[in-house]
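Engineer: Fold the following, please.
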Amino acid sequence: MSILILCVDRDDDIGRKTRHRSPIVGRKANETVALSLGLSDPEESDTNALLAAIATYDELVKQGEKAEIATICGSVHVGTQSDRRLARQLDRVLATVHPTSAILVSDGADDEAITPLITSRVKLDAVRRVTVRQSQNLESTYYILRRLLADERVRMSFLVPLALAMLVFGFFSIIGRYEIGFGAILLVLAAYVLAKVFHLEVALRRMWAGIRETFVPGRVTLVSNSVVVLLLVVGIVYAYTSLVSAPIAQRAINFVTSILWFAVGGAIVYVVGQAIDVYLRREEISWATLPLSLFIVASGLFAYAALMIASNLIDHAFPLDGVSVLFLLVGLLIAIIGGSTYISLRRKRVIEVEATEQTEV
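Structural biologist: Next up, the predicted model:
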């Protein structure tokens with residue numbers, strides 16, 4: 001029967017400040033790490049947790065118990081990543097020590113959050129939380145707050161929403177709209193909380209990285225994408241202003257019909273912009289641009305004909321009239337031309353690739 005004294009450092013302060021690799025097994029090794037951590041950062045609370053774990057180990061040994069001590073460390077990215085790392089290290093320790101039970105030693109509730117992870121692998125007899133005693137005067141309180149705010153995780157969790165609230169309220173105070181300042185603060189803070197809950201900051205960072213890459217010399221997608229957005233905005237405004245009094249279904253058809261060719265033009269501008277960008281960066285012509293543009297035009301013609309047929313049905317008229325049939329036929333012709341062009345260019349490209357490979361051989 002043996003007892004494992006387990007010290008947990010969920011955010012890997014030990015690894016970052018002492019460069020010792022975990023898991024750390026044995027009294028001598030843990031004593032060395034505690035000394036290194038204390039010398040590296042005398043104010044680090046994990047030092048006290050390590051010393052408390054060593055003291056607990058010595059106490060059990062004096063009582064004649066068979067015990068072992070180990071320290072496992074997670075990652076600065078506290079959460080799934082750090083907990084998976086802790087789980088792997090705990091499995092390694094258990095495979096080496098083979099304890100019948102364990103005692104968890106930690107410096108706070110953050111480390112104790114992995115208690116279910118431990119109890120799923122070994123019986124947990126006790127949890128010892130180490131709290132550093134501080135004098136309760138104003139100077140000590142200020143000092144503790146200053147130390148907490150020096151931690152990047154605390155700053156991101158506490159200062160960012162506070163700064164957002166102050167920024168929003170300050171803006172509405174400047175423009176003299178105090179009455180909507182409080183509501184705007186709630187909206188901004190709610191958006192911040194949702195972004196943290198659903199990890200939207202990762203997607204935002206990727207989006208920002210893509211926007212920065214857009215400004216690399218030679219990129220024309222910024223211009224083409226701006227034209228696309230402008231066309232869509234103009235199309236929406238034009239479609240809205242062209243609405244007339246009619247049943248809601250007819251107004252919906254009229255709205256889509258008015259915006260359709262703006263959307264088709266925007267799609268063609270986007271495809272051409274991408275092709276120019278590929279040519280400028282790689283000096284390679286995008287052979288699929290022409291057939292893709294033809295398919296976009298054909299799709300626009302088919303959609304326009306379908307909208308006219310739907311409009312005729314609403315008006316209780318014969319669905320197919322001369323104009324809709326003409327649009328369908330022209331769209332079909334353009335689609336056939338686009339398909340033939342695509343097949344021809346693809347065959348040509350395959351032949352060129354094969355010729356290049358034979359030349360290299």
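Engineer: got a pLDDT number for residue 59?
Structural biologist: Listed pLDDT for residue 59 reads 90.
Engineer: any idea how far it is from residue 50?
Structural biologist: Note on residue 59: its distance to residue 50, by C-beta to C-beta, to the nearest Å, is 15 Å. (C-beta placed from N, C-alpha, C; glycine too.)
Engineer: Give me the more crowded residue out of the two.
Structural biologist: Between residue 59 and residue 50, residue 50 has the larger neighbour count (other C-beta atoms under 10 Å), namely 28 against 12.
Engineer: Show me the strands in this protein, by range?
Structural biologist: Counting by DSSP state E, the chain has strands at residues 3-9, 24-25, 67-73, 101-106, 124-129.
Engineer: strands paired with the shortest one, and their directions?
Structural biologist: If you go by DSSP bridges, strand 24-25 pairs up with strand 67-73 (antiparallel).
Engineer: likewise the first one?
Structural biologist: Sheet pairing of strand 3-9 (DSSP bridges) gives strand 67-73 (parallel), strand 101-106 (parallel).
Engineer: do you know which of the ones you listed lies nearest residue 3?
Structural biologist: strand 67-73 (4.6 Å; C-beta to C-beta).
Engineer: What average pLDDT does that closest one get?
Structural biologist: Mean pLDDT, computed over strand 67-73, is 90.
Engineer: again with stretch 22-37
Structural biologist: For stretch 22-37, the mean per-residue pLDDT is 88.
Engineer: for it, the distance to its chain's centre please.
Structural biologist: With C-alpha atoms, centre = their mean, to the nearest Å as the basis, stretch 22-37 stands 36 Å off its chain's centre.
Engineer: and it, which residues are buried?
Structural biologist: Within stretch 22-37, the residues that qualify as buried by neighbour count (16 or more other C-beta atoms under 10 Å) are 22-25, 27, 30-31, 33-34, 36-37.
Engineer: Can you read off the backbone torsions of residue 114?
Structural biologist: Main-chain torsions, residue 114, degrees, to the nearest 10: phi -90, psi 10.
Engineer: distance of it from residue 184?
Structural biologist: Using C-beta to C-beta, we find residue 114 at a distance of 39 Å from residue 184.
Engineer: and what of residue 307?
Structural biologist: 41 Å.
Engineer: and those two? which has more neighbours close in?
Structural biologist: Using other C-beta under 10 Å as the criterion, residue 307 and residue 184 rank with residue 307 on top: 18 against 15.
Engineer: my guess is the more buried one contacts residue 257, does it?
Structural biologist: Yes - between residue 307 and residue 257 there is a contact at 4.9 Å, judged by C-beta atoms under 8 Å.
Engineer: Contacts only, for the residue most central in space within the chain.
Structural biologist: Note on the chain: the residue nearest the mean C-alpha position is residue 202, at 2.2 Å, using C-alpha atoms, centre = their mean. Going by C-beta atoms under 8 Å, 6 or more residues apart in numbering, residue 202 touches no other residue.
Engineer: Could you do residue 338 as well?
Structural biologist: Counting by C-beta under 8 Å, 6+ apart, residue 338 makes contact with 290-295, 298.
Engineer: From these, pick the one nearest residue 195.
Structural biologist: Distances from residue 195 to the contacts of residue 338, taken as C-beta to C-beta, are shortest for residue 292 (35.6 Å).
Engineer: coming back round to it: let me know the closest of the contacts of residue 338 to residue 340.
Structural biologist: Using C-beta to C-beta, residue 291 comes nearest to residue 340 of those, at 8.4 Å.
Engineer: tally of neighbours for the closest residue to the closest one other than its chain neighbours?
Structural biologist: Using C-beta to C-beta, 6 or more residues apart in numbering and skipping the chain neighbours, the partner closest in space to residue 291 is residue 342 (3.7 Å). Counted with other C-beta under 10 Å, the neighbours of residue 342 add up to 17.
Engineer: how far away is residue 342 from residue 279?
Structural biologist: Distance of residue 342 to residue 279, computed by C-beta to C-beta: 19 Å.
Engineer: go on, residue 86?
Structural biologist: 51 Å.
Engineer: quick one: which of those two has more around it?
Structural biologist: residue 86 (24 against 15).
Engineer: for the closest residue to that one other than its chain neighbours, phi and psi?
Structural biologist: In space, and not counting its chain neighbours, residue 86 is closest to residue 74: 4.8 Å by C-beta to C-beta, 6+ apart. The phi/psi pair for residue 74 (degrees, to the nearest 10) reads phi -100, psi -120.
Engineer: Does residue 74 touch residue 88 like I think?
Structural biologist: No - with contact defined as C-beta under 8 Å, residue 74 does not count as touching residue 88 (10.2 Å).
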